[in-house]
Structures are given as structure tokens and as C-alpha cells.
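Colleague: task: produce atomic coordinates for the following.
(one chain, ligands or ions: 2)
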Amino acid sequence: MNTSGIERAVAILKHGGLVAFPTETVYGLGADARNPDAIRKLYAAKGRPGHHPVIVHLADAAQLPQWAREVTPLALKLAQQFWPGPLTLILRRQPQVSDALTGGQDTIGLRVPAHPVARTLLSAFGSGIAAPSANRFGHVSATTAAHVREEFGASVELVLDGGQSEVGIESTIVDVTGAQPRLLRPGRISAEEIEQATGVPLAAPDLDAPRAPGTLPAHYAPHTPLKVMEGDLLLELAASLTRQGERVAVLACGTRQPLLPGLTWLAAPPDPRAYAHDLYANLRALDAAGCDVMLVERPPLTAQWTAINDRLGRAAAGCRRP
Ligand code: TXA
Ligand code: MG
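Modeller: Ligands and ions are numbered 1, 2, ... in the order given. So this is what the prediction gives:
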């Protein structure tokens, strides 16, 4: 990233504008976390309801106390082990943190991302950048600068291009405000890795847990109605739908492509890391084919695939049909 791009980004943020930037998980749409007007602009651009909290990105864990009033030893342990990286911690917030960021809750989501462009931007900006994923509310996240442009067009002044996001799905979110840490959103960093790092078992999410819209049943949805199913069922349904003249998009995970007319077929990588890396680009590519329906072959139901199955389930729940 050239320094003039970073300088322009910092200037835009300081004037209350929005800048999209790459992180290792997905692209973020950033605003100055200390500027309530900029946060309002951010929510409006995303089409996001105001009571949904947003993650604040920091250059470094040393900035934690400026945002969180209680940094427990357990939170520090997780920060030390996984930052910079794809982990968001939910902590008790400092009183001066804007309600616009937290949806009025007493907690704040904080993350130190690892992407070099994000790190350079955060260091140059010198304060927290509030950044939800750079997609319209409920829609598929963006893992390239071109995806961000597809989502927002010219309404975002600057998109810093840092290539394709390496992880491909959003950060793991752990709520560390209670006696026991709680997993709010699965991600590349697994539940097992969190438990190993803390030596404490994770609690199951409950109704008292802070709200996390990424955990709404309907999220990450393409425009084409999406269904997740086993490979054999998928082949049967694809055959019957194409016979009826429907155009069918398929994201396969091991099943071989049959010879059928009206089929758009993508073979996803068989390894969960590579699958996650390509997931949103694959959903976008299939969406762009303009088919009547998108069928996704269900990946294995093992721990390595938890975050992917979580996103696919929500993408399916976010669709109007079938
Ligand atoms: O990987 C990521 O986390 C990306 C990149 C850009 O950092 N960001 C991202 O942001 O996925 P977003 O806004 O799309 O999802 C953030 C999730 C939401 O589900 C939000 O509710 C939750 O984090 N969250 C933020 N602050 C929270 C809080 N105080 N309590 C509970 N959940 C919170
Ligand atoms: Mg999101």
C-alpha cells in the first residue's frame, strides 16, 4: 500500500468520512470510532439498524484500556495469544465510549487485525476505527476491494485495496465479560484453540449474552435463494429443477458435476481453510450467474467446518425462497 493512500484514508476518517480497508478476515467499512456523526454515516451506508453494536479496530493491544474498563487476565491471555489476528473480544466498555458504537450496551467489541494495510492505517490514524464488514446489512461479506465497490458504489469515498482477504470469513467473537468465556461467533480460531489458550471451557451462548447480529439466524445471504443439502439430494434436485427449465447454481464440495443443461457449477476446495478463503467470492460468482436457485453441498459436520457451516446456515436462512 502506498503511503499516499494511507494519508488520504486518515484525512477522510479525521473529517468524519468512511474508508473501506482490507483485513485478514473480510473487508471492513471504517469510521472514526470517537465521532458519533461518522458512526451514524456508517450505519446509514450499511443499512444497519442502530441498536446493533460494531467492532472497534485497534493498532495494538496497548490501546485496550482506552476502550475497555475491565481487562481481565483471561482477556489479556487471549489478546496476547491471538492478536494481531482474527479474534474479537467483547469487554466491559469505558464510560466515554459512544452509545452509537455499542447499541447502548455496557460492552464493546475490540479487535487488533493482522492485515498489513489495516495495521498501517490503524497506526497512522492513532485511534480506534469502528468497522463492520463492508457489505450491505444482511448481505454476503466482501473479501476483495471489487466486492466492496459492488456493495457501495461511489457512496464510499475510498477503498484501500489489499488483495483478497486471507481467512475469508469474519473473526471469531468471544465474550469475556462473564465468569466463563462465551463463543458468540465461530471463526478461523476454533473453540478448541480458545479453550486451550485460557484453560477454561467455553460457556454455551445464552439469552443474557450481548447481541451479535452476525449471529442472527438470517445473514450473509446472496440474492439468489440458497439451500444447503447433502450431495446425493443435491444431484436429484438439480436434475429435477433443470428438467423443469430452472437455472441452477451449485457450490459443490466433493460431488462431481453431472451433465445437465442450465447448470452453473463451482467446485469448492475440499480443505476448510481454502473453502473459507473462497466462500464469499464463490457465493458472489454464483449469484452473478442469475440462476433461479443456488444449491450448496453440505460440507462435513466436523469441528474444522463449524464456522463455514454456521455461515452457510445463516445464508440459507436469509433467503426468501425455497
Ligand atoms: O472479521 C470481522 O470481525 C470483520 C472485520 C471487518 O473485522 N468485522 C465484522 O463486523 O464482521 P460485523 O459488524 O459485520 O460483525 C460484528 C459482530 C456483529 O455480530 C456485532 O453484533 C458483534 O460483532 N458485536 C460488536 N460489538 C458487540 C458487543 N458489544 N456485544 C456483542 N456483540 C458485538
Ligand atoms: Mg457483517
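Colleague: C-alpha only now, for contacts and for neighbours.
Modeller: OK.
Colleague: quick one: low-confidence ranges for the chain?
Modeller: Counting by pLDDT under 70, the chain has low-confidence residues at 1-2, 205-217, 320-322.
Colleague: which one's the longest helix in it?
Modeller: Counting by DSSP state H, the longest helix found in the chain is helix 272-288.
Colleague: contact partners of that one?
Modeller: For helix 272-288, contacts defined as Cα atoms under 8 Å, 6 or more residues apart in numbering pick out 140-143, 165-169, 188, 222-224, 249-251, 264, 266, 268-269, 294, 304-305, 308.
Colleague: following that helix in sequence, what is the next regular element?
Modeller: Sequence-wise, the next helix or strand downstream of helix 272-288 (DSSP states H and E) is strand 293-297.
Colleague: who does that next one touch, helix- and strand-wise?
Modeller: Helices and strands touching strand 293-297, by 3 or more Cα pairs under 8 Å, 6 or more residues apart in numbering; DSSP states H and E, are strand 226-229, helix 231-243, strand 248-252.
Colleague: so which of the ones you listed is nearest Thr23?
Modeller: strand 248-252 (25.0 Å; Cα to Cα).
Colleague: what lines up beside the closest one in the sheet?
Modeller: Strand 248-252 pairs in its sheet with strand 263-267 (parallel), strand 293-297 (parallel), by DSSP bridges.
Colleague: hmm, back to that, now the longest helix of the chain: buried residues?
Modeller: 272-273, 275-284, 286-287 (16 or more other Cα atoms under 10 Å).
Colleague: could you do stretch 246-257 as well?
Modeller: Glu246, Arg247, Val248, Ala249, Val250, Leu251, Ala252, Cys253.
Colleague: nearest to ligand 1 among those?
Modeller: Relative to ligand 1, the closest of those is Leu251; by Cα to the nearest ligand atom it sits at 22.8 Å.
Colleague: surely that closest one meets Pro270?
Modeller: No - the pair Leu251 / Pro270 is not scored as a contact, 11.6 Å apart, by Cα atoms under 8 Å.
Colleague: residues contacting the residue nearest to Leu312 when sequence neighbours are not counted?
Modeller: Leaving aside its sequence neighbours, Leu312 sits nearest to Val228 (Cα to Cα, 6 or more residues apart in numbering; 7.2 Å). Going by Cα under 8 Å, 6+ apart, Val228 touches Leu295, Val296, Glu297, Arg298, Leu312, Gly313, Ala316.
Colleague: what subset of these is buried?
Modeller: Using 16+ other Cα under 10 Å as the burial test, these include Leu295, Val296, Glu297, Arg298, Leu312, Gly313, Ala316 as buried.
Colleague: just those that are near ligand 1?
Modeller: The subset of those within reach of ligand 1, by Cα under 6 Å from any ligand atom, is empty.
Colleague: re the thing from before, among the helices and strands packed on strand 293-297, show me which one is buried the most.
Modeller: Sort the helices and strands packed on strand 293-297 by mean neighbour count, taking mean count of other Cα atoms under 10 Å, and strand 248-252 sits at the top with a mean of 24.
Colleague: off-centre distance for it?
Modeller: 22 Å (Cα atoms, centre = their mean, to the nearest Å).
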